[in-house]
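Student: Mind folding the following:
(one chain, ligands or ions: 2)
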Amino acid sequence: VQAVVLPGDGRVVVSEVSDPVLGPGEALLDVRLGGICGTDLQLARGYMGFRGVPGHEFVGTVRSVSSPADRVLVGARVVGEINLGCQDCGWCAKGLSRHCPRRRVLGILERQGAFARRLALPVSALHVVPGTLADEDAVFAEPLAAALEILDQVPVEPSASVLVMGDGRLGLLIAQVISSRGARVMVSGRHDSCLEIASRLGLAIQPAPRPPEPVHDLVVEATGSASGLDEAQRWCRPRGTVVMKSTCAGPTSFDASHAVVQELTLVGSRCGRMEPALEWLAAGRVQVAPLRTAEYPLEEAPDAFAHAARPGALKVLLRMAP
Ligand SMILES: [Zn+2]
Ligand SMILES: [Zn+2]
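Tutor: Ligands and ions are numbered 1, 2, ... in the order given. The predicted structure follows:
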């Protein structure tokens, strides 16, 4: 089956890979649409020593299932979990398979990703897409879940002053999600085109010079760059919270003593729950249309990756069905 393959040398190629084989309780999907995210770009550059088929943001149609009990799903349009837990440990029992120590991570760790015409996934990892939700919107479920995870982790008061650092794909989702709580949200970034989209979304833009005293109760670092965390701390008031969203290929250095002296709370934040993300998308509680930069067919994946890596590019989609 045709797929995007990262050989581990910085290239992005399209080639034939073996057809996915269904395990017990799994479904075979025809992938319809995929979304390229910052993590995919990092994987292409060697993050986690990745080799293989990337992709964890997708919409697909169930083609077949291995268990007759799941036959009702055949033909359903679905999105999937990125983290595939063992379903046998305490984390999985609590519905937190995204922290299962034996998890596989779609298109990242020990599990072939979604940038392929066909994909096998456990039925337990699938979520049916509401009929009213277009593929082009549903494909944002996984990154929106990652944005919504912040609301699960950190209380956001309506009176809070919040800075979202990073005007990229994830930053603009996070800023919308936090605004919905009534907080005063500012966005900072380096791309005029993205900041313009942020303003159109009704978000305020953080003026570049740092105020004499840090003012923000909550700073979300979503710059995708290794230097972002140090900068994020400087914008955060004493006893404030810094949410760390960037995953970088290299080590990240920051002034830990600043965090100690200011008594900052540093919160690592990764993936979130897919169900509320689908609900938010179906209810139109976030706008994703302004975040779609381009769409390419699978055959042109190298161009799509190059486009997604360009400064100012937001979500680049990959159309898998011919
Ligand atoms: Zn992602
Ligand atoms: Zn587990």
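Student: most remote residue from this structure's center?
Tutor: In the chain, the residue that sits farthest from the middle, by CA atoms, centre = their mean, is residue 212; the gap is 33.6 Å.
Student: I'd like to know how far it sits from ligand 1.
Tutor: 37 Å (CB to the ion, to the nearest Å). Using the backbone N, CA and C atoms, a C-beta is placed for each residue, glycine as well.
Student: Can you classify that residue by secondary structure?
Tutor: coil (DSSP: H, G, I helix; E, B strand; the rest coil).
Student: For the stretch 1-150 of the chain, which residue gets nearest to ligand 1?
Tutor: residue 37 (3.1 Å; CB to the ion).
Student: Correct me if wrong: that residue contacts residue 173.
Tutor: No - counting by CB atoms under 8 Å, residue 37 does not reach residue 173; the two are 10.8 Å apart.
Student: Common neighbours of the two, please.
Tutor: Common contact partners of residue 37 and residue 173 (CB atoms under 8 Å, 6 or more residues apart in numbering): residue 143.
Student: rewinding a little: need the per-residue pLDDT for the residue farthest from the centre of the chain.
Tutor: If you check residue 212, the pLDDT there is 76.
Student: what's the answer for residue 249, then?
Tutor: For residue 249, the model assigns a pLDDT of 67.
Student: ok, back up a step: state the pLDDT value of the residue of the stretch 1-150 of the chain closest to ligand 1.
Tutor: Residue 37 is given a pLDDT of 89.
Student: got a list of what it touches?
Tutor: Residues near residue 37 by CB under 8 Å, 6+ apart: 56-57, 142-143, 169-170, 315.
Student: Which ones among those map onto helices?
Tutor: Using DSSP state H, the subset of the contacts of residue 37 located in helices is 142-143, 169-170.
Student: Pick out the lowest-pLDDT one from the contacts of residue 37.
Tutor: residue 169 (90).
Student: correct me, but that one touches residue 291?
Tutor: Yes - Residue 169 is in contact with residue 291 according to CB under 8 Å; the separation is 6.2 Å.
Student: Now the common contact residues for those two.
Tutor: With CB under 8 Å, 6+ apart as the test, residue 169 and residue 291 both reach 314-315.
Student: quick one, which of these two is more surrounded?
Tutor: residue 169 (28 against 21; other CB atoms under 10 Å).
Student: Now residue 278: closest residue in space that isn't a chain neighbour?
Tutor: residue 141 (5.4 Å; CB to CB, 6 or more residues apart in numbering).
Student: and the one you found, what pLDDT?
Tutor: pLDDT at residue 141 comes out at 98.
Student: again with residue 46
Tutor: At residue 46, pLDDT is 80.
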